[in-house]
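# Provide a 3D model corresponding to the input given below.
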Amino acid sequence: MRILHTSDWHLGRSFHRVGMLEHQAAYVDHLLGVVASERVDLVVVAGDIYDRALPHVDAVRLADETLARLAASRARVVLTSGNHDSAQRLGFGSRLIDAAGVHLRTDASSVGVPILLDDEHGPVAVHGIPYLDPQALLEPWRLPARTHEAALAEAMRRVRADLAARPTRSVVVAHAFVAGGLPSDSERDISVGGVSVVPSTLFDDVSYTALGHLHGRATLGETLRYSGSPLAYSFSEAGHTKGSWLVDLGPDGVSATSFVEAPVPRRLSVLSGDLESLLTDQRLAPAESHWVQATLTDAVRPDRPMERLRARFPHALMLSFAPVGTPSPSVVAAPRGRSDHQISLDFVEELRGAPASDDESALLLEACDACAEDPDADMLVTAANGSG
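Residues are numbered from 1 along each chain as shown. Coordinates of the predicted model:
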């Protein structure tokens, strides 16, 4: 049996306010192409189909088209819900959709009930485990603790109880933070009491476990893998290679694996340096077509930095400042007798390493006056301290 393992589509998500639906649709085209060209028998999607519990109508339309195309393909499909999905909404009509060969597993009550498939070597039991909220399952499942480990341990107990009755090869599809994977900035925190990680030993003796939640691909063991998200959703993923795992399940378990790279709509670059260097360094030419995150190290904050940066890097999306040789701004109590205007001038000088100009000072004074209950109060304090 040939399995294509993918996860974390996050349909409807944007990348720093840049819509990604067009690129997500291109990934779906790629996915269907792989199913056909690699003669895939089973597609597993390990959660986070959508980016939010109430997805935009365009994201729902893309999901509907995707499931219809998968149903018409040569492959059977098993999808689980993730922590971004609404389990009830994603699972609507699942019993009807089962008949089309697309199996949505979003309800905790279905854990332990497999989808049974066959190949030339015999049966394969596919167990879909949706994202499990320990708080919601604490009482119904009589968990010993309100933790992800306790919830997933009970889920695997139910899976193993089923497998004990049918000695066969098994595939588990789960959405969780398993020890050994590396998080990125784009995953939502699922920790309970500060703990989110579960041990990889929970999946021992499973022929193959397809994991979702973390956005970077990872091999935690020959039979335990994260596919990662098919697209980058934060600059922390600049070094990721995106795609899906192609897994061959032989008579005794996994016989071969390979990674199928996904199309890259636009690469990411994380740049750092003073503005003049970023605008003139020819080694940065490839980044001119990339999405760019830049950190400026100028001692004095440049004028119109993003506008000037985009003159060379039109797809610059993020800009931050880390002046070289400048201590981090500190919060100190304002001395008594200093006007709001003087405090704001001190703040500007500390923030950018240079005093405000006369025009800026006048504008700040006007702003302070506009916010004051007594418009003359700031003027009076300023005059009393001998400055204006």
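# all strands for the stretch 1-150 of the chain, in order.
2-6, 14-15, 18-19, 42-46, 76-80, 102-105, 115-119, 122-129 (DSSP state E, counting those that start in this stretch).
# same deal with the stretch 151-300 of the chain?
169-175, 177-178, 197-198, 208-212, 218-221, 224-226, 243-250, 253-261, 268-273, 291-296.
# among the ones you listed, which is nearest Met156?
Set against Met156 and scored by CB to CB, the strands of the stretch 151-300 of the chain come closest in strand 169-175, at 7.7 Å. Every C-beta, even on glycine, is put in place using the N, C-alpha and C of the backbone.
# What residues does Leu214 make contact with?
Phe177, Gly181, Leu182, Pro183, Ser184, Glu187, Tyr226, Gly228 (CB atoms under 8 Å, 6 or more residues apart in numbering).
# any idea which of those has the most stuff around it?
Gly228 (29 neighbours; other CB atoms under 10 Å).
# Next, work out how far apart Glu139 and Arg146 are.
10 Å (CB to CB, to the nearest Å).
# Look at the two and report which has more neighbours.
Just comparing Glu139 and Arg146: by other CB under 10 Å the higher neighbour count belongs to Arg146, 16 against 8.
# What lies in contact with stretch 69-81?
4, 28, 32, 35-36, 39-47, 49, 67, 87, 90-91, 97, 100-106, 115, 117, 126, 128-131, 171, 173-175, 212.
# One more: stretch 246-256?
Against stretch 246-256 from outside (CB under 8 Å, 6+ apart): 1-5, 34, 38, 40, 119, 121-122, 124, 169, 171, 207-208, 222-223, 225, 257-260.
# 6 Å - rerun?
Met1, Arg2, Ile3, Leu4, His121, Ser207, Tyr208, Glu222, Thr223, Thr257, Ser258, Val260 (CB atoms under 6 Å, 6 or more residues apart in numbering).
# what does stretch 45-58 give?
6-13, 21, 59, 79-82, 84-86, 131, 173, 175, 210-212.
# Looking at that stretch now, give me its mean pLDDT.
Average pLDDT, stretch 45-58: 97.
# Start and end of stretch 110-124, how far apart?
17 Å (CA to CA, to the nearest Å).
# By neighbour count, which bits of it are buried? Give me those.
Burial within stretch 110-124, assessed by neighbour count using 16 or more other CB atoms under 10 Å, is assigned to Ser110, Val111, Gly112, Pro114, Ile115, Leu117, Val124.
# Stretch 48-55 now?
Buried-residue list, stretch 48-55, by 16+ other CB under 10 Å: Asp48, Ile49, Tyr50, Asp51, Pro55.
# Also stretch 215-232?
Buried residues in stretch 215-232, defined by neighbour count with 16+ other CB under 10 Å: 215-217, 220, 223-232.
# what do you get for stretch 255-273?
Thr257, Phe259, Val260, Ala262, Pro265, Leu268, Ser269, Val270, Leu271, Gly273.
# and what of stretch 238-253?
In stretch 238-253, counting by 16+ other CB under 10 Å, buried: His240, Lys242, Gly243, Ser244, Trp245, Leu246, Val247, Leu249.
# Much appreciated, bye for now.
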